[in-house]
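Enquirer: What follows is a predicted protein model with its sequence.
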Amino acid sequence: MLESDARETERKVIGILKVLSESSESLGSITIARELEKHGIHLSERAVRYHLKITDERGFTRPLGRDGRTLTPAGLEELHLALAPDQVGVVIERIVLLACLTTFDPQQRKGQVIINTTLFPKDRFRGALSAMKEAFEADICVSHLVAVASKGDKLGDVVIPEGYVGFATVCSATINGVLLKAGIPMDSRFGGILEMRNYRPRRFTAIIDYAGSSLDPSEAYIRARMTRVREAASTGSGRILANFREVPAPSKPMVEEVAAKLRDAGIGGIAVMGNPSEALCQIPVGPNKVGMILLGGMNPIAVAEEMGVEGDNISNSGTIDFERLVPFSEL
């Protein structure tokens, strides 16, 4: 097979996997052909069946007789890997989108806030709560307000599957949204690992630039076991999840005012704010800008992972109504 023909075959295979990933049900070749046209791929029903034989042989799809095909875990993984180049910058785009969807009014204590969602196995959820308690008690979190959901319910854009409990923490991007609503633009630069020394931020030991990554930094750092949030909570020294932002220098007094209103409503998250045009925790800041370090909303989740209670993490998983949140201490 010529190289150009092989590339075209791969493009069609990935197109089929994408169509299957967007459906909660198995699909037949007629439906797949129709859906492929929406992605700019024009295949006859017969050609679709030919390519489905390829995906079956590779273990990417599972035949279900007359009901068609469904995607396998291997197929979903292949799709994610194949689409990685197209996902560069998707994290910052997601933050910007959710910031625009944020409607929270800290004075009225109403509106939509941005959340992160973690799916814990039901039989491990109580252990996760016990582990996360340390981070909440040490205030290494954006908010003490959380949400819990069971099978079939939604947290943001995530539907909770059978056998799991959904746990939502307030995302630091909520601050982006509230400041945007107040007319203050915020530049989200990167997510990182922040070294704490005697309860004070010292320096970033790792960073992932939002604009150049297809991975959410918090998810990546937790998966890589790079955090030491439990140590930071108990001793004041450790490595926590944090994010670096910039705002226009003239807006600093207004940012502080909005931050105070957010704290009164139970949402904090601003670890430290710098001075105009001055580096913050060894990170250079642009001219006429002020650097800000925000705590990562998933720091409590990191503690659970550090203690061996693993979950499936989805950062920036959508928005929910503020009224759905309850204090962690009530769980």
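Expert: Yep, that arrived.

Enquirer: This structure - how does it break down into domains?
Expert: Domain segmentation of the chain under automatic domain parsing yields 3-86, 94-330.

Enquirer: Mind telling me which of those domains the model trusts least?
Expert: When the domains of the chain are compared by mean pLDDT, domain 3-86 comes last with a mean of 83.

Enquirer: quick one: that one to chain centroid distance?
Expert: Shown here is domain 3-86, whose average C-alpha point lies 26 Å from the average C-alpha point of the whole chain (C-alpha atoms, centre = their mean, to the nearest Å).

Enquirer: Now do the same contact list for Ala242.
Expert: Applying C-beta atoms under 8 Å, 6 or more residues apart in numbering, we find Ala242 in contact with 191-194, 201, 204, 271, 293-296. Where you see a C-beta, it was placed from the backbone N, CA and C, and this is true even at glycine.

Enquirer: Okay, and which of those map to strands?
Expert: Residues of the contacts of Ala242 located in strands (DSSP state E): 191-194, 201, 204, 271, 293-295.

Enquirer: ok, those residues vs Thr103, which is closest?
Expert: Leu294 (19.8 Å; C-beta to C-beta).

Enquirer: and the closest residue to that closest one other than its chain neighbours, how far is that from Pro201?
Expert: Taking C-beta to C-beta, 6 or more residues apart in numbering, and ignoring the residues beside it in sequence, Leu294 has Ser172 as its nearest neighbour in space, at 4.1 Å. Taking C-beta to C-beta, to the nearest Å as the criterion, Ser172 is separated from Pro201 by 14 Å.

Enquirer: ok, the two, which is more surrounded?
Expert: It is Ser172, of Ser172 and Pro201, that has more neighbours when counted by other C-beta atoms under 10 Å, with 34 against 17.

Enquirer: ok, that one touching Ile293?
Expert: No: in this structure, Ser172 is not within contact of Ile293 by C-beta atoms under 8 Å, at 9.8 Å.

Enquirer: Quick check: neighbours shared by those two?
Expert: Contact criterion C-beta under 8 Å, 6+ apart; residues bridging Ser172 and Ile293 by contacting each: Asn243.

Enquirer: Tell me which helix or strand Ile30 sits in.
Expert: helix 29-38 (DSSP states H and E).
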